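> the sequence and its predicted three-dimensional model are supplied below.
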Amino acid sequence: MTQNHPVIEHPAIVVKINESDYDVMIMAQSACASCHAKGACSAADMEQKIVKVPKLQKDTFQTGEKVTVFMKQQAGGWAVFFGYILPFLIMVSTLIILISCKLSEGLAGLAALFILIPYYLVLYLNKKKLDSRFEFALKETQEDHFS
């Protein structure tokens, strides 16, 4: 991942090292409030989250080491689209179509909720393809992120 594009960054700690990746814990920071991407980032709403980051040949991070996790901002936008916006549009469209077909509001509402089951199932079945699109990377961090 190159640094030529805008990126979303979060301080983190390496919690586990596997053969092909790192498990890192993203730390919630009050700095999220001033981040330009806070509206598109669910990490800003959490206390901590474990993410898998592919291990590169040049990486020499150790368990417990403080790092910065980053992802291209454009990929973060796609994650928000697939995770929040598209399912919302599918649900609302289903609701409108079913109500216009004279289905009761209660049944239309239940159907609109249940339509998300196949949507998220399709996302889950395409997890490997999506994971390659939303790849995280690590870099060394400055100590002031954790103060």
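Okay, I see it.
> any weak-confidence spans in the chain?
Where the chain drops to pLDDT under 70, the residues are 1-5, 27-47, 72-76, 131-134, 142-147.
> repeat that for 90
1-83, 123-124, 126-147 (pLDDT under 90).
> which residue lies nearest the spatial centre of it?
residue 79 (5.8 Å; Cα atoms, centre = their mean).
> contacts only, for residue 140.
67, 68 (Cβ atoms under 8 Å, 6 or more residues apart in numbering). Bear in mind the C-beta positions are built from the backbone N, C-alpha and C, glycine included.
> need phi/psi at it.
Main-chain torsions, residue 140, degrees, to the nearest 10: phi -60, psi 150.
> swap in residue 65?
phi -70, psi 140.
> check residue 102 too.
Main-chain torsions, residue 102, degrees, to the nearest 10: phi 70, psi 20.
> and what about residue 19, helix, strand or coil?
Following DSSP: H, G, I helix; E, B strand; the rest coil, residue 19 is assigned to coil.
> just give the closest residue to it, not the sequence neighbours.
residue 55 (7.7 Å; Cβ to Cβ, 6 or more residues apart in numbering).
> just checking, that neighbour touches residue 16?
No: Residue 55 lies out of contact with residue 16 (Cβ atoms under 8 Å); the separation is 11.3 Å.
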